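S.K.: What follows is a protein structure lacking sequence information:
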């Protein structure tokens, strides 16, 4: 039965010019996802490219729906790892408008772990 691992806090932003990036994502999560933290701070598309193709549009749409509705986004999706396999992530975040035209999501991210028990 799946359950959530430890939760970490993150900030994700859509800049006024449309660029997307993570303002913060803990180094341990970057290591788990096998992606460089500095890369995510300049371009979150690197992580979106790793989202399982069947989940990618759903995840992107969840940001748009959250931005439009003001509701918390809550999604569970797969990330393909460069060394093989994938991991499941669960994300919850709420959007807020910032002074410079940015939209910033403050949220929690956790790996979803299979326990093998029902």
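M.R.: Alright, I've got the coordinates. It should be emphasised that the depicted structure is a prediction, and the values quoted were computed from it without experimental measurement.

S.K.: Tell me how many other residues surround residue 59.
M.R.: Residue 59 is flanked by 20 other residues according to other C-beta atoms under 10 Å. In short, each C-beta sits where N, CA and C put it, glycine included.

S.K.: helix or strand right after the one helix or strand it maps to?
M.R.: Per DSSP states H and E: residue 59 is located in helix 53-69. Per DSSP H and E, the first helix or strand lying C-terminal to helix 53-69 is strand 73-80.

S.K.: Check which helices and strands the helix or strand following that following strand sits against.
M.R.: For strand 73-80, the following helix or strand on the C-terminal side (DSSP H and E) is strand 86-97. Judged by 3 or more C-beta pairs under 8 Å, 6 or more residues apart in numbering; DSSP states H and E, strand 86-97 is in contact with strand 2-14, helix 53-69, strand 73-80, strand 103-114.

S.K.: The nearest residue to residue 103 once chain neighbours are set aside and residue 112, how far apart?
M.R.: Leaving aside its chain neighbours, residue 103 sits nearest to residue 14 (4.7 Å; criterion: C-beta to C-beta, 6 or more residues apart in numbering). Distance, residue 14 to residue 112, by C-beta to C-beta, to the nearest Å: 25 Å.
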